[in-house]
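Asker: give me coordinates for this.
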Amino acid sequence: PDDSRFREIDRLLDEVQKYQEIEKVYSHDENDEKRRIVDRFATIKAEKEKDLINLIQEAYQNGSLIYLFDETFLSQDKFKVSINDVQKKLIKNVYTKRLS
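Answerer: You can find the predicted model right below:
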């Protein structure tokens, strides 16, 4: 994957985990005010998760794929085609000899 936005992905992972812990601890609290605050945090967490998923998808779609010293640069347009081609090559090379 492309690691040019690693710091942003790492920061979002930390934030999502923090919001998840807050939600886990305080979601069943009897205080209505705390539950409302946790609901707001849950909304923020959902938005950050969407951003995180988009960044991770972008990192994989703009990365490079290496197989047997051949490097294929991936892009959003040809991501699936490139992956499928390399998978076919991998499968062809799995069983090269027949057992006796």
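Asker: now do the SS call for Gln76.
Answerer: coil (DSSP: H, G, I helix; E, B strand; the rest coil).
Asker: correct me if wrong: it contacts Ala59.
Answerer: No - Gln76 lies out of contact with Ala59 (Cβ atoms under 8 Å); the separation is 11.7 Å. To be clear about C-beta, it is placed using only N, CA and C from the backbone, and glycine gets the same treatment.
Asker: when those two are compared, which one has more neighbours?
Answerer: Neighbour count, other Cβ atoms under 10 Å: between Gln76 and Ala59, Ala59 has more, with 17 against 10.
Asker: so where's this structure uncertain?
Answerer: 96-100 (pLDDT under 70).
Asker: which stretches in it count as strands?
Answerer: With strands called from DSSP state E, the chain shows them at 64-67, 70-73.
Asker: mean neighbour count, those strands: which tops it?
Answerer: Comparing the strands of the chain by mean neighbour count (mean count of other Cβ atoms under 10 Å), strand 64-67 comes out on top with a mean of 12.
Asker: now do that strand: which elements does it pack against?
Answerer: Using 3 or more Cβ pairs under 8 Å, 6 or more residues apart in numbering; DSSP states H and E, the elements in contact with strand 64-67 are strand 70-73, helix 79-94.
Asker: so which of the ones you listed is nearest Asp39?
Answerer: Taking Cβ to Cβ, helix 79-94 is the member of the helices and strands packed on strand 64-67 nearest to Asp39, at 36.5 Å.
Asker: max-length helix in this protein?
Answerer: Assignment by DSSP state H gives helix 32-61 as the longest helix of the chain.
Asker: distance between that helix and the chain's centre?
Answerer: Distance of helix 32-61 from its chain centroid, counting by Cα atoms, centre = their mean, to the nearest Å, is 14 Å.
Asker: check which residues of that helix are buried.
Answerer: Applying a neighbour-count criterion of 16 or more other Cβ atoms under 10 Å, one finds 38, 41, 45, 48-49, 52, 55, 58-59, 61 buried in helix 32-61.
Asker: how about the residues you listed in TSV, adding distance to Lys18?
Answerer: Formatted as TSV, the buried residues of helix 32-61 follow (distance: Cβ to Cβ, whole Å):
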residue	distance to Lys18
Val38	13
Phe41	9
Lys45	9
Lys48	10
Glu49	12
Leu52	13
Leu55	17
Glu58	23
Ala59	22
Gln61	27
